[in-house]
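**Q** One predicted model, sequence on top.
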Amino acid sequence: MSAVPNPVRLGLLHVGLALARLDLVSEARARRTTELAWPRIVTGIARMSKNAVDVAMVGLAVGSAAIAGVGIAGPFWKLAFSIGGGVAGGTIALVSQRFGADATEDLGLAVRSSVLLVVAATLPVVAVFWTVPSALIGLLSSDPETVRLGGAYLRIVALGIPFAGLNLVGSRTLVGADDAYTAMVLRGGGAVANVGLNAVLIFGLGLGVEGAAIGTVVSNVAVVAAFAVGLVTGRFPGAGRFPVTIDPRGRWADSGTISDLVSIGLPVMGRNLVWTVAEVPMFAILDVFGRDVVSAFVIARRLLGLMNTPGWGFSLAASSLVGQELGTGDEAEAAAWGRDIVRFAVAVYAVVAGIVFVFAEWVVVAFVGDPAAPEVPIAVPLVRVACLAVVLQGVSGAASGPLNAAGDTRWPFAAQALGMFGFAIPLVYLGTVTPLGIYGLYLAFMAETTVPAAMNYARFRQGVWKRVSREYRPDAGFADD
């Protein structure tokens, strides 16, 4: 795997080795972090590019109302990732610690229980979204065409919610077992297939936003099937051998395991839900500015998500590598891993943000297809502000990795909630009622990352997470603080 000539891997490795030469990180840790992080980053790039391409495709095919409609449907679709990601946050913590301690039977129980929880939690959400999609979109927009298109998209894409959640459980299981490459092959391949399928459905068959939704559902079902085959049989064609196998005939529910998954996963779910829930008042406030601002905001958020993909790799690498050290009881080495990964992540984010900052106008025009479109002069400065904000997101995401590995997930949730509801949303609102105007939106972008970055890093430095981890580890000796 390490021999794969991949530009993402090579770019990460160059940054890591440069930091090692400056004695900012350990070279050995930089190399191992790269090997675990780059496949997850590629997956993130593929999936976030897919989301960005969806918006661009429906914008080119249907218009700005479609961009706004799909964008407003986004918070509801993201419930899949909030719920599934919450459970999967517990999955990776338990799997990584059990993998490090070679507790195979407990590892399988953790995965089966995770699957059960995801299905039970997402099916009621599917029922609601299928029944009243336009009413939900209407809560966030007063534009009839935006409501119509957003409702059509949401009703169909809701069917993919359980499968999107199960994808996260499958991915976190492999990453927790020190194999991000196989997860990348499956999920990244699904994202690429999704883009091709959407092109056929949106442009070839003229299905517009419904085509984008159908492509998303079908690709998620296919990836879940691949994870299921691989985890049960130990391999999947084209992806190779899996690091762990899960016997589907084992116990699916254990009170202690489910309790651990819930106690670790609920704050992760809450943290994921912060932005999903926050988009409800956010879009309602932005509606005051008009459709062009909403469309520009959606474009900027898609690009912010794309720039944030390194965090997918660094956060999960930290969760896995720190969790494995905690599983053996070596808290000092776990802390060293966390420290180096935070420094590594910030350096990579700075490089990515610098590139996007320079080419901001070009990437915005790629979304709308017309340099004279009214969204362009609004979106370009928003994207550049997002470039500054995303560097702080690197601090927040990487520092949350060790906390997640330890099961100390309440703190990142509180940090994200405070940043969004205590600062970002009030700043956007101030922009609508004071001369601050759209500058309130610029300040909101900064606030939503600055507050979590400061709080998560402070928590990591304090080391409380080491003590928290002792509640969730398999039998192992504990190192003294």
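**A** Cool, the structure landed.
**Q** Would you check how far apart residue 193 and residue 38 are?
**A** 21 Å (CB to CB, to the nearest Å). Any C-beta I mention is one placed from the backbone N, CA and C, and that applies to glycine too.
**Q** Neighbour count for the two, which is higher?
**A** residue 38 (27 against 17; other CB atoms under 10 Å).
**Q** Point to the residue nearest the middle of the protein.
**A** Nearest residue to the geometric centre of the chain (CA atoms, centre = their mean): residue 312, 6.2 Å.
**Q** Is that residue in contact with residue 40, as I believe?
**A** Yes. Counting by CB atoms under 8 Å, residue 312 touches residue 40, with 5.1 Å between them.
**Q** where does this protein have low pLDDT?
**A** Within the chain, the segments meeting pLDDT under 70 span 1-5, 46-56, 59-64, 80-81, 101-104, 140-142, 275-276, 368-369, 473-481.
**Q** in it, which spans are strands?
**A** 235-236, 240-241 (DSSP state E).
**Q** Most tightly packed of those?
**A** Among those, strand 235-236 has the highest mean neighbour count (mean count of other CB atoms under 10 Å), at a mean of 17.
**Q** Now residue 456: closest residue in space that isn't a chain neighbour?
**A** residue 399 (4.0 Å; CB to CB, 6 or more residues apart in numbering).
**Q** And for residue 455?
**A** Spatial nearest neighbour of residue 455, chain neighbours left out: residue 415 (3.7 Å); criterion: CB to CB, 6+ apart.
**Q** list the contacts for that neighbour?
**A** 396, 451, 452, 454, 455, 456, 459 (CB atoms under 8 Å, 6 or more residues apart in numbering).
**Q** Apply 6 Å and report the result again.
**A** Residues in contact with residue 415 (CB atoms under 6 Å, 6 or more residues apart in numbering) are 452, 455, 456.
**Q** Check residue 165 too.
**A** Residue 165 neighbours (CB under 6 Å, 6+ apart): 80, 83, 84, 118, 122.
**Q** let's see it at 10 Å
**A** 79-88, 114-115, 117-119, 121-122, 125, 220, 224 (CB atoms under 10 Å, 6 or more residues apart in numbering).
**Q** Then residue 65?
**A** Residue 65 neighbours (CB under 10 Å, 6+ apart): 58-59, 141, 143-150, 209, 291, 294-295.
**Q** Please list only the buried members of the residues you listed.
**A** Among those, those classed as buried by 16 or more other CB atoms under 10 Å are 58-59, 141, 143, 145-150, 209, 291, 294-295.
**Q** Distance to residue 354 for these - can I get that in a markdown table?
**A** Compiled in a markdown table, the buried ones among the contacts of residue 65 are given as follows (distance: CB to CB, whole Å):
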| residue | distance to residue 354 |
| --- | --- |
| 58 | 30 |
| 59 | 27 |
| 141 | 35 |
| 143 | 36 |
| 145 | 38 |
| 146 | 34 |
| 147 | 39 |
| 148 | 40 |
| 149 | 35 |
| 150 | 34 |
| 209 | 34 |
| 291 | 31 |
| 294 | 28 |
| 295 | 26 |
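**Q** Which of those residues fall within helices?
**A** Residues of these located in helices (DSSP state H): 58, 59, 145, 146, 147, 148, 149, 150, 209, 291, 294, 295.
**Q** Next, give me the two most distant ones among the residues you listed.
**A** Longest distance between any two of these is 17.1 Å, between 59 and 147; criterion CB to CB.
**Q** From residue 392, how far out is the residue nearest to residue 455?
**A** Taken as CB to CB, the span from residue 415 to residue 392 is 12 Å.
**Q** what residues are shared contacts of these two?
**A** 451, 452, 453, 454, 457.
**Q** The last one contacts residue 399, doesn't it?
**A** Yes. Counting by CB atoms under 10 Å, residue 457 touches residue 399, with 4.5 Å between them.
**Q** which of the two has more neighbours?
**A** residue 399 (31 against 19).
**Q** so who does the more buried one touch?
**A** Residue 399 neighbours (CB under 10 Å, 6+ apart): 314-315, 318, 338-339, 341-342, 345-346, 411-412, 415, 452-461.
**Q** now those: which count as buried?
**A** Applying 16+ other CB under 10 Å to these flags 314-315, 318, 338-339, 341-342, 345-346, 411-412, 415, 452-457, 459-460 as buried.
**Q** In helices only, show me those residues.
**A** The helices, defined by DSSP H, take in 314-315, 318, 338-339, 341-342, 345-346, 411-412, 415, 452-457, 459-460 from those.
**Q** which residues sit in contact with the residue lying closest to residue 422 once chain neighbours are set aside?
**A** The shortest distance from residue 422 to any non-neighbouring residue, by CB to CB, 6+ apart, is to residue 451 (7.3 Å). By CB under 10 Å, 6+ apart, the residues touching residue 451 are 392, 396, 415, 416, 417, 418, 419, 420, 422, 423, 424.
**Q** ChimeraX command for the buried members of the residues you listed?
**A** Of those, the buried ones can be selected in ChimeraX as follows, counting by 16+ other CB under 10 Å:
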select :392,396,415,416,417,418,419,420,423,424
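**Q** Could you export the contacts of residue 451 as CSV, including distance to residue 263?
**A** Compiled in CSV, the contacts of residue 451 are given as follows (distance: CB to CB, whole Å):
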residue, distance to residue 263
392, 28
396, 22
415, 18
416, 18
417, 18
418, 21
419, 23
420, 23
422, 25
423, 28
424, 28
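**Q** which one of the contacts of residue 451 is nearest residue 182?
**A** residue 396 (27.4 Å).
**Q** which other residues reach stretch 428-439?
**A** 278, 281-282, 284-289, 293, 296-297, 378, 381-382, 385, 427, 440-445, 447.
**Q** Mind checking which of those residues are buried?
**A** 278, 281-282, 285-287, 289, 293, 296-297, 378, 381-382, 385, 427, 440-445, 447.
**Q** returning to what we had before: could you tell me which of the contacts of stretch 428-439 belong to helices?
**A** 278, 281-282, 284-286, 293, 296-297, 378, 381-382, 385, 427, 440-445, 447.
**Q** burial measure for residue 248, as a count.
**A** The number of residues near residue 248, taken as other CB under 10 Å, comes to 12.
**Q** next one: the one 4 residues further on
**A** Other residues within reach of residue 252, judged by other CB under 10 Å, total 14.
**Q** Now do the phi/psi pair for it.
**A** Torsion angles at residue 252 (phi, psi; degrees, to the nearest 10) stand at phi -100, psi -10.
**Q** Against residue 162, how distant is it?
**A** 16 Å.
**Q** now residue 35
**A** Counting by CB to CB, the gap from residue 35 to residue 162 is 32 Å.
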